[in-house]
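Trainee: Could you work out the structure for the sequence below:
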Amino acid sequence: MARNDPDLHWVQIRHSSYSRLGPLVQAGALQPYLGRLSGFPGAQIWRVDSPLTVQSDHQCSIAGVPLQAALHHQPSHAYCAMVAASPHFTQYAGTGELSRLLRSHDDWDPGGFAHALEATVRQGRVPLPRPALAVPPTTYLTYWLPERSFVSRLSNGHYMLGLSYTVRYVPPPGLARRSAVGLDLGIDPLTVAHTDTGATRYFRPTSLRHVRQLPWLSADAQMLLRDLIYASGRLDAEGIVAWLNFHAHTVYAERINHMGMSTHWIHSGRDRAIHDHHFSALSQYLFASGVDFRRVAPHHTSTLCAPCFEHQGRVVYGLRAGDRFRCPACGADLDAHANAAHNVLLRGQMLPPRGRAAA
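Mentor: Modelled structure (predicted):
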């Protein structure tokens, strides 16, 4: 992908709307697309050849045909640009205060929060001047390109909607970018970063365990709660991007797959946001801001001793027990995630320069 190519973000179309896609193809509103797109190799793709409009976080229309989709499952800058370009977009008023209460342990009142959720959905969606589920970032100027939209059918039969954006990065004052950084990507801790100066930084998601205390909620309130939880996870994940943009000139991360992510997830909405960040948003954010981003092989990053390899060139397998790593050779007793991030950095620094294959 060239630097000036649009960003492309895929969101899932709800199963209840699948039956409406065939008639759109037959009517010519969806045209076969034979070009190459990022996201899903081998998928069947159509270009949206009729007006695409967005009405809410969960509803859009193609050629006037309503479709249900998770339109808020995008990075903040893209989501905010889509909302800004959608004059008929409606949202729940008061969502910002609900987000604050959800992430605050000090003010947590399960009964009061449930009552506020129900009152919010009873009032219904209304037009608002700015997005309620995200804060527009000041460092990314983003514009939605509704004329460059796609529908994709995956090999498992599910459908996705692809939304395109132009993105320009606006550096903040005092930008440093002095470090190369290795990332260990996960759910909790969210991410561990290790720099070439030897510093380690932990990024942890905001705990939402208290959500389990909520009483019964109506279907609409449950949907709004899921949206708030996703937005909370996205906010946590994008804190990593802000830090990397300020400190890193090069970032290395593991080539992860779905099976490599923790299955002991507390809240699927929050972790879906983190998942989306690790697999897609992280690379596109850094690409837009000019930070060199590369993936490395993931095998044994948390079980090889990074200090032994860095200082002695020795490949030593250690013992991992939970979050701890111990090396039988040098005696190092380390956080396993920090050791993994260190190994990712070391592997990244051994990669050949871009455009040149390894000998």
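Trainee: how close does L235 get to R201?
Mentor: According to Cβ to Cβ, to the nearest Å, L235 stands 17 Å off from R201. Any C-beta I mention is one placed from the backbone N, CA and C, and that applies to glycine too.
Trainee: which other residues reach stretch 75-82?
Mentor: 7, 9, 54, 71-72, 74, 130-131, 133-137, 140, 142-144, 163, 165, 167, 234-235, 238, 277, 281, 284-285 (Cβ atoms under 8 Å, 6 or more residues apart in numbering).
Trainee: from these, which ones fall inside strands?
Mentor: With strands taken from DSSP state E, the overlap with the contacts of stretch 75-82 comprises D7, H9, V54, Y140, T142, Y143, W144, L163, Y165, V167.
Trainee: From Q222, how far out is the fifth one?
Mentor: Relative to Q222, T142 is positioned 30 Å away (Cβ to Cβ).
Trainee: before we move on, what about S86?
Mentor: Using Cβ to Cβ, S86 is found at 25 Å from Q222.
Trainee: Between those two, which is the more surrounded one?
Mentor: Set S86 next to Q222 and count neighbours by other Cβ atoms under 10 Å: S86 wins out with 19 against 14.
Trainee: Helices along the stretch 101-250 of the chain, start to end?
Mentor: Here the stretch 101-250 of the chain has its helices, by DSSP state H, counting those that start in this stretch, at 110-123, 219-247.
Trainee: would TSV of the ones you listed with mean pLDDT be doable?
Mentor: Output for these, formatted as TSV (pLDDT from 0 to 100):
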stretch	mean pLDDT
helix 110-123	96
helix 219-247	93
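Trainee: before we move on, back to that, could you rank the ones in strands among the contacts of stretch 75-82 by neighbour count and give me the top one?
Mentor: Among the ones in strands among the contacts of stretch 75-82, L163 has more neighbours than the rest - 27 neighbours, counting by other Cβ under 10 Å.
Trainee: Name whatever forms a beta bridge with that one.
Mentor: H9, S149 (DSSP bridges).
Trainee: residue contacts, it?
Mentor: Counted by Cβ under 8 Å, 6+ apart, L163 has contacts L8, H9, W10, V11, L71, Q74, A78, M82, W144, P146, S149.
Trainee: Would you check that L224 makes contact with L117?
Mentor: Yes. Counting by Cβ atoms under 8 Å, L117 is a contact partner of L224 at 6.0 Å.
Trainee: Between these two, which contacts overlap?
Mentor: Joint contacts of L224 and L117 (Cβ under 8 Å, 6+ apart) are L98.
Trainee: how near is the residue most central in space within the chain to P205?
Mentor: The chain has H277 as the residue nearest its centroid, 2.0 Å off, counting by Cα atoms, centre = their mean. The spacing between H277 and P205, counted by Cβ to Cβ, is 11 Å.
Trainee: what's the overlap in contacts for the two?
Mentor: G233.
Trainee: Can you get me a residue count around the closest residue to D220 other than its chain neighbours?
Mentor: Residue nearest to D220 in three dimensions, not counting chain neighbours: V121, with 4.1 Å by Cβ to Cβ, 6 or more residues apart in numbering. Neighbour count of V121, defined by other Cβ under 10 Å: 18.
Trainee: now do G322
Mentor: G322: 6 surrounding residues under other Cβ under 10 Å.
Trainee: Which residue, neighbours along the chain excluded, lies closest to it?
Mentor: Counting by Cβ to Cβ, 6+ apart, the residue nearest G322 is A336, at 7.5 Å.
Trainee: got it, and E254?
Mentor: P298 (3.9 Å).
Trainee: Which of the three states applies to the one you found?
Mentor: The assignment at P298 comes out as coil when based on DSSP: H, G, I helix; E, B strand; the rest coil.
Trainee: just checking, it touches L304?
Mentor: No. Using Cβ under 8 Å, P298 is not in contact with L304; the gap is 11.6 Å.
Trainee: Neighbour count for those two, which is higher?
Mentor: Comparing P298 with L304 by neighbour count (other Cβ under 10 Å), the higher total belongs to L304, at 22 against 19.
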